[in-house]
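> Quick one: sequence and predicted model below, then my questions.
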Amino acid sequence: MERAQQGPRARYREQTRAEIKDLALRQLAEGGGTALALTRIAKEMGLSGPALYRYFTGRDDLLNALIRDAYDDAAAAMARAAARSAKGSRGVRARLHDLAEAYRAWAVAEPHRYLLLQGAPIPGYVAPPDTLERARAVLGPFLALFATGNPGPAVAATADEMTAWLTAEESVRAWVAQYAPEAAEAAEATEPAEAAEVTGAGGAVTAAAAHALAGAVLAWAQLHGSVSLEVAGQFAGMAHRGGTLLGAQMELLADAFGLE
């Protein structure tokens, strides 16, 4: 509806911006971050260099748009996977595998876009602050799964550190509450361990919220390590499939949190 209400000039601007981004993504796919060249994009589009800057103020502005788009697309893929997995009677452990495979599938299908999100695509580039919320949206579906867990000794220290983080930062508490609202409300907890609270300067934090955050952060670390290696081609010539390795990692994580 919003697009339909735009005038011809606004629609042309959006179409041109989309074409610029498509060409930039092609350059990234062909040669990585260092291959991104606005002058080449302008030449392919039949624009002058100055004309291109009417749509993006520079290389970093274009990268910002590409990274925001990539995070949003990855988050949408994860949300769809979470919704599909939540249907029926699948257990939490099985749903963890579903989410991990959805993350991997998006990265393998969009390797150049995934690599944009996993570090500085160009030396000296710094992503804009608003990408933090977008990154959290990608991992958000994991929070609800781990909120049901009961961390064992192997991950207890991590859960303790997450309690401190939750206590100190309101934005982190809000993130957990958005995706695992039951974990943020001690009154709704049914198990003694879940109902436990820690109170600090930032307010009360439930154990379930700390479990949720610890699991999501550990899942991210496992996903990032395994998937980044696969996307970068580091598994070439080895006998295993990336999905097999990631599945084993998720099983170990599910065991550590007692997920059923």
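Perfect, I can see it now. Residues are numbered from 1 along each chain as shown.

> all helices for the stretch 51-200 of the chain, in order.
59-86, 92-109, 111-117, 131-146, 153-168, 170-179, 192-195 (DSSP state H, counting those that start in this stretch).

> Output those helices as JSON lines; include the columns distance to A214.
Heads up, the C-betas are built off the backbone N, CA and C, glycines and all. What follows is the helices of the stretch 51-200 of the chain, written out as JSON lines (distance: least, Cβ to Cβ, whole Å):
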{"stretch": "helix 59-86", "distance to A214": "19"}
{"stretch": "helix 92-109", "distance to A214": "14"}
{"stretch": "helix 111-117", "distance to A214": "22"}
{"stretch": "helix 131-146", "distance to A214": "7"}
{"stretch": "helix 153-168", "distance to A214": "4"}
{"stretch": "helix 170-179", "distance to A214": "11"}
{"stretch": "helix 192-195", "distance to A214": "13"}
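
> mean pLDDT for these: which is lowest?
Mean pLDDT across those is lowest at helix 192-195; the value there is a mean of 40.

> hmm, back to that, of the helices of the stretch 51-200 of the chain, which approaches A232 most closely?
helix 111-117 (7.6 Å; Cβ to Cβ).

> still on that earlier bit, and the helices of the stretch 51-200 of the chain: which comes nearest A209?
Across the helices of the stretch 51-200 of the chain, closest to A209 is helix 170-179 (Cβ to Cβ), at 4.9 Å.

> Tell me what angle that closest one forms with helix 59-86.
40 degrees (axes from the mean of the first three to the mean of the last three Cα atoms, to 10 degrees).

> got the contact list for helix 170-179?
136, 140-141, 143-144, 147, 165-166, 183-184, 202-203, 205, 209, 212-213 (Cβ atoms under 8 Å, 6 or more residues apart in numbering).

> can you rerun that using 10 Å?
Outside helix 170-179, the residues that touch it by Cβ atoms under 10 Å, 6 or more residues apart in numbering are 82, 132-133, 136-137, 139-145, 147, 162, 165-167, 169, 183-185, 202-206, 208-213, 216.
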